[in-house]
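In: Got a sequence here, can you model it:
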Amino acid sequence: VMAAIAVAGSCGEGHPRSPSDVIQFRGAKIPQPSAAAMLLVVLASLALIGRNRWPVAVLAVSTAAVTGYTLLGYVNGAALLAPAAAVYALATNVSVRRALAFSAVTLAVLLAATAARNPFGTTTGGPVGVLPVMIAAVCLGGIAVSNRRAFVASIQARADDEARRRHAEERLRIARQLHDAGAHHTAPINAPASAAAQV
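Out: Below you'll find the model as predicted:
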């Protein structure tokens with residue numbers, strides 16, 4: 001799904017129909033992505049399949065593919081969804097410190113590539129202004145989800161411990177009752193048996 005969205009978006013960015021989209025290029029030739037360039041977008045998206053198992057490797061592959069696509073001079077707005085999704089997946093699977101560090105490196109790489117070959121002709125237009133907000137949002141969102149999962153897991157662990165403690169207490173109570181009942185029924189038998197033994 002991500003690959004289809006990114007490819008469709010990249011095709012649309014390379015073939016704008018709206019006058020407001022065309023005017024952003026300020027009369028420059030609109031870069032139309034080739035089929036080979038689209039393979040980079042597909043690679044960046046398909047890498048997300050392993051996002052929960054290898055989050056760091058997926059982020060590296062996705063970022064490298066989009067960086068390559070960007071350095072070819074194409075509009076990278078839709079393609080940036082793949083590394084953003086990889087940042088989110090990484091933030092849900094690693095520590096906060098690592099999530100922030102990897103997000104900062106990813107942001108720096110994508111910003112540098114976008115500013116170097118921005119087809120809009122400026123170092124501030126298009127995705128350059130959106131990238132920091134997008135990466136920060138997905139990173140912090142992933143951290144929040146990770147914290148929530150940890151909180152729910154700790155509550156579940158506490159509930160399991162409490163259930164085990166109550167179960168152990170109930171078994172101990174039943175054992176005491178059985179012991180007391182056994183002693184109560186055995187005492188009347190023990191006295192005549194002792195007397196019979198002496199007789």
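In: so how many other residues sit close to the residue nearest to R51 when sequence neighbours are not counted?
Out: Nearest non-adjacent residue to R51, counting by CB to CB, 6 or more residues apart in numbering: A89, 3.6 Å away. No exception for glycine: its C-beta is placed from N, CA and C like everyone else's. Applying other CB atoms under 10 Å, we find 22 residues neighbouring A89.
In: before we move on, what about K29?
Out: 8.
In: Give me the helices and strands touching the helix ranked longest in the chain, please.
Out: Longest helix in the chain by number of residues (criterion: DSSP state H): helix 127-198. Contacts defined by 3 or more CB pairs under 8 Å, 6 or more residues apart in numbering; DSSP states H and E place helix 127-198 against helix 81-93, helix 96-116.
In: Find the one among these with the highest mean neighbour count.
Out: Ranked by mean neighbour count, the helices and strands packed on helix 127-198 are led by helix 81-93 with a mean of 25 (mean count of other CB atoms under 10 Å).
In: Can I get that one in CSV, CA atoms only?
Out: Output in CSV follows, covering the C-alpha atoms of helix 81-93 (Å, rounded to 0.1, in the frame of the first residue of the first chain):
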residue,chain,number,x,y,z
LEU,A,81,6.5,8.9,3.4
ALA,A,82,8.6,5.7,3.4
PRO,A,83,11.5,7.0,5.6
ALA,A,84,8.9,8.7,7.8
ALA,A,85,7.1,5.4,8.3
ALA,A,86,10.5,3.8,9.0
VAL,A,87,11.3,6.4,11.6
TYR,A,88,8.0,5.7,13.3
ALA,A,89,8.6,1.9,13.3
LEU,A,90,12.1,2.4,14.7
ALA,A,91,10.8,4.7,17.5
THR,A,92,8.4,2.1,18.6
ASN,A,93,11.1,-0.6,18.8
